[in-house]
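curious how this folds, go ahead:
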Amino acid sequence: MSNQRNESIFKAIDWLTILLYLMIVAVGCVAIYTAEYDDNPTGLFDMATNHGKQLVWLGVALGVAFVIQFFDGKFYSILSPIIYLSAIGSLIAVMFLGQEVAGSRSWFNFGAFKFQPAEFAKFATALAVAKYVSFSKVNVKSFQAQVIATLLIGLPMGLIIFQGDTGSALVFLAFVLVLYREGLSSILLILGLVMVILFVAALLYNFTTLLIALAVIALLMVILKDGINIKSLGLYAALMIASFVMIFQLEEPHLLIALGVLCVALISIYWFSKKIVWLSIGLFLGSVLYVQSVDYGFNEILKPHQQQRIEVILGTIEDSKGVGYNLHQSKIAIGSGGIFGKGFLNGTQNKGKFVPELSTDFIFCTIGEEFGYLGSLGLISLFSIFLFRITMLAERQKAQFGRVYGYCVASIIFFHFFINIGMTIGIVPIIGIPLPFVSYGGSSLISFTVLVFILIRLDVDRKQAF
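Numbering: from 1, shown residues only. Have a look, this model is predicted:
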């Protein structure tokens, strides 16, 4: 019976997804090899090299993927809370027992073997979010469900931030995208985009300019909703003048709170008939406070090199020899590849080691230089097809657990894919996260493999409800 069951499992497996996975991994192995290549080439399986180690990690990852297929889909659903708690425990333990690497205490060191719990936490959190959202009485539109989901995502994210690994922590924001598929209001997504725009604007423009711009936007809201109404515009003008006076003249925090109380008191008089005024003023004050918090967070929380990386991206500073060196060399490497590239093992920027972290964070530079625009487009297309296939697997799941988990997988891979390539071409700040299945790293390769192959196993049981 067990042999028949195993045969049925492997017949039902989605081999197309596995083929796409193997193709991307193969690209990674080639890229890591060429990133290290010099005039004294080493053996393919030389354990003193990254490409040799990566092949070993690939063997381990494929072994784990194979074992995953022997466990029923219900196994992952039932044990998801235990897996999640284990991940949280490892994130706490590494802060006390871990090894500090590049200012981040986020690695366990077991001799030649290193393990990063943050990678383990990604698929553990994916399982936990899928388990919670799939509860029969959970409605992601409710405030309670949103709070609990936020805590599930925020707990590992916060622990990773405490370790000093901000880049890995930001990946967990990808889980928010999953909630929209399950019915979360798009208003929150729009609010998030507005916050990103305000964040950039706060760094590019002075506070007075932003204040005036926000006031004009709030005024337009009132006019568009209520028309040219003397009472509404008069109330708006009075409250806005009070806001400007108090913001510019008073510095103590408790006086800013007093401003909020004053506005609430005045607007409440018109609550039933002038809600748009309340909304516009509320958004104005909220935006002002957020802009001020951006300034504080940028100058007081971010480290100097993180500040400079953002300023390089925004173009407020030019530093091709200092903090902007990595990005500058990355652009040179990718641009020098042209349409067809310089050819396999012929990358001059690669051989010269001008781009740091060439096997990990900047692996895309190797592909861009040696295989050119067409090679880069080919890899991006391969990832796009792979992500599309994952969403197809997610959509055809009968169980909500499988669907939610599938979208978690797609969101995490997409976030890594977009940010990593964005770093190398200068559209997002350099935060140091790998390109899935391509960058060198055992913890990364194994964790992404586990992510994908759990979904493949759930897809085998897609007609079951669990």
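
what is the rounded mean pLDDT of the top strand by length along the chain?
Taking DSSP state E as the criterion, the chain has its longest strand at strand 104-110. For strand 104-110, mean pLDDT is 75.

try stretch 62-71
93.

what comes up buried for that stretch?
Neighbour counts using 16 or more other Cβ atoms under 10 Å place 62, 65, 68 of stretch 62-71 among the buried residues. Heads up, the C-betas are built off the backbone N, CA and C, glycines and all.

any idea how far the nearest residue to residue 462 once chain neighbours are set aside lies from residue 131?
Closest residue in space to residue 462, ignoring its immediate chain neighbours: residue 397 at 4.9 Å, by Cβ to Cβ, 6 or more residues apart in numbering. Applying Cβ to Cβ, to the nearest Å, the value for residue 397 to residue 131 is 14 Å.

again with residue 169
Where residue 131 is concerned, residue 169 sits at a distance of 22 Å (Cβ to Cβ).

follow-up on the earlier one: who touches the helix or strand just after the longest strand of the chain?
Later in the chain than strand 104-110, the nearest helix or strand by DSSP states H and E is strand 113-115. The contact list for strand 113-115 (Cβ atoms under 8 Å, 6 or more residues apart in numbering) reads 99, 107-108, 442-443.

number of nearby residues for the residue nearest to residue 462?
By the measure other Cβ atoms under 10 Å, the count of residues near residue 397 is 22.

and what of the one 3 residues further on?
Residues lying near residue 400 (other Cβ under 10 Å) number 17.

now do residue 119, the pLDDT please.
Looking at residue 119, the pLDDT reads 89.

could you say which helix or strand holds it?
With DSSP H and E as the criterion, residue 119 is inside helix 117-133.

that helix to strand 104-110, inter-axis angle?
With axes from the mean of the first three to the mean of the last three Cα atoms, to 10 degrees defining the directions, helix 117-133 sits at 100 degrees from strand 104-110.

put the alpha carbons of helix 117-133 into PDB.
Listed next in PDB are the C-alpha coordinates belonging to helix 117-133 (Å, rounded to 0.1, in the frame of the first residue of the first chain):
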ATOM      1  CA  PRO A 117      17.300  31.600  11.800                       C
ATOM      2  CA  ALA A 118      15.800  34.500   9.900                       C
ATOM      3  CA  GLU A 119      15.600  32.300   6.800                       C
ATOM      4  CA  PHE A 120      13.900  29.500   8.800                       C
ATOM      5  CA  ALA A 121      11.400  32.100  10.200                       C
ATOM      6  CA  LYS A 122      10.100  33.000   6.700                       C
ATOM      7  CA  PHE A 123       8.500  29.600   5.900                       C
ATOM      8  CA  ALA A 124       7.500  29.200   9.600                       C
ATOM      9  CA  THR A 125       5.600  32.500   9.500                       C
ATOM     10  CA  ALA A 126       4.100  31.600   6.100                       C
ATOM     11  CA  LEU A 127       2.700  28.400   7.700                       C
ATOM     12  CA  ALA A 128       1.500  30.300  10.800                       C
ATOM     13  CA  VAL A 129      -0.300  33.000   8.700                       C
ATOM     14  CA  ALA A 130      -1.900  30.400   6.500                       C
ATOM     15  CA  LYS A 131      -3.100  28.400   9.600                       C
ATOM     16  CA  TYR A 132      -4.600  31.500  11.300                       C
ATOM     17  CA  VAL A 133      -6.300  32.900   8.200                       C
END
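
which residues does the nearest residue to residue 373 once chain neighbours are set aside contact?
Nearest residue to residue 373, sequence neighbours excluded (Cβ to Cβ, 6+ apart): residue 339, at 4.9 Å. Neighbouring residues of residue 339 by Cβ under 8 Å, 6+ apart: 372-374.

part of a helix, is residue 339?
No - assigned with DSSP: H, G, I helix; E, B strand; the rest coil, residue 339 falls outside any helix and is coil.

now do it against residue 369, distance only.
For residue 339 relative to residue 369 (Cβ to Cβ), the value is 12 Å.

ok, then the element right after the lowest-mean-pLDDT helix or strand in the chain?
Ranked by mean pLDDT, DSSP states H and E, the weakest helix or strand in the chain is helix 253-268, scoring a mean of 54. Later in the chain than helix 253-268, the nearest helix or strand by DSSP H and E is helix 275-296.
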